[in-house]
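this is a predicted model, with the sequence first.
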Amino acid sequence: MTGTGPAARLPGPWQAGRPLLRRLRHNLRPWLGRLALRLRLLALRLVPDRRLPLALVVPVWNDAAGLARLMARLAPLRLFTEVVVVDDGSDPPLAPPRLPGARVRLIRHATPQGGGPARNAGLAAVTQPWMMYIDSDDLPAPDLPALIADLADEVAAGRGFDLCLFKHADSRLGPEARWGQPHWDEALWHRAGHATGALVPARPGALPILAQTANYPWNKVYHTALLRDNGIGCAATVVHQDIALHWRALIAAQRVLVSDRIGVWHGVDVGTALHPAPLLADLPARLTSRRGEERLQVFAALDPAVPEVAAAGPAWQAAYAAFVLDLIDWTEERIGMAPALRLRRAEAIWLAATLAPWLPLLARLDAALAARIETRIGSGPAEPGTAHASAPAAPATAPREAFPASSKPENEPGPAPWPEPAIGAAEQKKAPVDGRGRTRGKAS
Amino acid sequence: MTDRDGLNTALALLRARVTGPQTGPQMAPQTGVIPPDFPARGGVPTGAADPAAAGSAAPVAPGSTQDATQDTMPGAIGETVPRVPGVADALVISPGVVLRIDPAARIGLTWSSPRARLLELRTTVTTPGDWLGLHVALPPLDLGGVAWFGFVARSAAATALVARACLRSGLPEGGFSDAFFDRHLLSQPGETDHADVMAPDRRPDLPARAPWRDFVLFLPSTHDIAWALHDLRLVRL
């Protein structure tokens, strides 16, 4: 209406019934609003959701701030159709988080059970065909949406996949103004022929090499059925719960895609110029700070993958053996003198019981590696804590001797109270493994 | 970052083919392969009318001037274009984005343009060449009064490689002049960012006005490479 002055305000003939119309409109407004909402929901159902049906499992222990940060980063991305948060006995208990576009479920453990059982509980609750893990103190990286969109295209084109392995960014590179993986992992990607490539099927022979990268649970997108059908999950040990998940999944997967996209940012250290300290300031104590006997549970963590590795052939056996030797060296650097002596004794026993049968094949495939194993089996101290003071260091031929070992558990959701260490590796080897890859009776 | 000058139009088109709305067959993710023994490849052009082809007798060098004319849109996407009879030395990646190869070389190319990235390229060198250049067409660009012209690139390579960037300017009398950026671009396993600028008023090899300009990234043409260009932005300050 553009008129001005008194005449403009006089009701015309068409305005005679205006109060009635206004009342009608007023009464209809809520109904119309509900109708519009229903129509929108109907449209959402009719228009196919082109997103990958992807679940996210987040294990959390006393890190409400980290979880809130993660959800805030995920909210605008709308990557996940389902989120399962496993509160591993936080005190106080976590409040249920919210994430637009996703069905969010909160599972709570009454008492802390550790990262492995928490991840397994999350996996058991997943209802989507694909899933991935992100810990509460990690973050989605900028390339994750493109990666998941590529995977959605793969699925839409009828090319499913069992597992997609992608690169990650490690906060320890921040002080070097770099973005990406530590050089030891990058070297393995290079060796495998996958240094570049947005999304490609794994090259023949690449997987045993890539398996030697850090055994993280969150640098992969898994076909949920791959894990469930093969009873694959994390170990219930205090340390290195992810070894079984990592190796067994890579061996069992039929179609593996590999992407050089950096999907997850992994917070390891305190803040840097690129990633300010408040992001990590309130993290709970990390497992890498553990320097006691509990680290000897590494052998129990190694056991669940052994049958699959043994059956997968010499390339996998060699890869696992090299990984194990590096992991033990890495462990030794992080424990005191007395546990180190017991570690080397347990190593000799474990290697003799587990890897010795592989030696004839390994000797043909990688003589240096076989020699390293034989040396370590033969050099274990006769008496615990006595003769091993002169235990030989790994030979200089060790492929990644200067690197930290791959399975770095520093990002576990929380240090659950651990039981008295079970030293005897042989005894641990005999511990029964349940159908989901967990060693029963351990650290639970 | 606004792109008032249209410096990044060609790059935006390349990026949009995958990330943007896919409205036609030309919007689909692009891939392509040229075998190393591509039949139209080979021979040394004489009297070539192409800047890249003309360089076969005189390798491109910083500040060099070549007798040639420019054609930034030589053909359809994915098409190899014979610039002189019997020689195909250019591959159109996208409108305004062209790979130019020394016609004397025999280089197989496999390329794709993944989502949220510009280009992934693998080469198989049978006969080494003097150049392999990724050309990005720029709009007519008056550099008078421009303090800095530069670029930012994010790249990775399976094996570390060095690339060199230049601003190629057409000359009114024909031919062109190359003004190279000072810093070498290092691509290596794991993505890295690179930035460089040049000050046009301190570069006598850079004409302030030119009938056409290309931004060129020269890649190794003597050995196989696996290279990924995640992002590239040109800036004028």
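Looks like it came in fine.

and the residue nearest to A:T224 when sequence neighbours are not counted, helix, strand or coil?
The shortest distance from A:T224 to any non-neighbouring residue, by Cβ to Cβ, 6 or more residues apart in numbering or on different chains, is to A:M131 (5.0 Å). No exception for glycine: its C-beta is placed from N, CA and C like everyone else's. Under DSSP: H, G, I helix; E, B strand; the rest coil, the three-state class of A:M131 is strand.

equivalent analysis for A:P208, please.
helix.

isn't it right next to A:A321, touching?
No. Contact between A:P208 and A:A321 fails when scored by Cβ atoms under 8 Å: they sit 10.7 Å apart.

so who does B:L185 touch?
B:153, B:155, B:162-165, B:194, B:196, B:217 (Cβ atoms under 8 Å, 6 or more residues apart in numbering or on different chains).

still on that earlier bit, quick check: beta-bridge partners of the residue nearest to A:T224?
A:A55, A:Y222 (DSSP bridges).

that one touches A:V57, doesn't it?
Yes. Judged on Cβ under 8 Å, A:M131 makes contact with A:V57 at a distance of 6.2 Å.

what's the helix of greatest length in chain B packed up against?
Looking across chain B with DSSP state H, the single longest helix is helix B:9-19. Counting contacts by 3 or more Cβ pairs under 8 Å, 6 or more residues apart in numbering or on different chains; DSSP states H and E, helix B:9-19 packs against strand B:87-94, strand B:97-101, strand B:132-138, strand B:225-236.

what angle separates the shortest one from helix B:9-19?
Looking back up the chat, that one is strand B:97-101. 110 degrees (axes from the mean of the first three to the mean of the last three Cα atoms, to 10 degrees).

need the next SSE after strand B:97-101, C-terminal direction.
Once the chain leaves strand B:97-101, the next helix or strand it forms, by DSSP states H and E, is strand B:106-112.

do I have it right that B:H223 meets B:T124?
No. Contact criterion Cβ under 8 Å: B:H223 and B:T124 do not qualify, at 9.8 Å.

when those two are compared, which one has more neighbours?
Taking neighbours as other Cβ atoms under 10 Å in any protein chain shown, B:H223 and B:T124 compare with B:T124 leading, 15 against 11.

ok, the more buried one to chain A distance?
As for B:T124, its distance to chain A is 15 Å (criterion: Cβ to the nearest Cβ, to the nearest Å).

pretty sure that residue is touching B:A105, no?
No. Taking Cβ under 8 Å as the definition, B:T124 is not a contact partner of B:A105, at 11.1 Å.

you'd agree A:R376 is in a strand?
No. Counting by three-state DSSP, A:R376 is not found in a strand; it is helix.

what stretches of chain B score poorly on pLDDT?
B:1-4, B:17-88 (pLDDT under 70).

what does it put close to chain A?
Residues of chain B lying close to chain A by Cβ under 8 Å from any Cβ of the partner chain are B:19, B:112, B:114-117, B:120, B:156-159, B:189-193, B:226-228.

residues from the stretch 201-350 of chain A in reach of chain B?
Checking the stretch 201-350 of chain A against chain B by Cβ under 8 Å from any Cβ, the hits are A:260, A:262.

now the stretch 201-350 of chain A against chain B: closest residue?
In the stretch 201-350 of chain A, the residue that lies nearest chain B is A:D260 (6.8 Å; Cβ to the nearest Cβ).

so that residue, which of the three states?
strand.

surely it meets A:W189?
Yes. The criterion here is Cβ under 8 Å, and A:D260 meets it with A:W189 at 7.3 Å.

who has more neighbours out of these two?
Ranked by neighbour count (other Cβ under 10 Å), A:D260 and A:W189 place A:D260 first, with 29 against 24.

which residues does that one contact?
Counted by Cβ under 8 Å, 6+ apart, A:D260 has contacts A:166-167, A:189, A:194-198, B:156, B:228.

pick the one among those residues closest to A:Q181.
Closest approach to A:Q181 among the contacts of A:D260 (Cβ to Cβ): A:K167, at 5.5 Å.

hmm, A:G180 and the closest one touching each other?
Yes. A:K167 lies in contact with A:G180 (Cβ under 8 Å); the separation is 6.6 Å.
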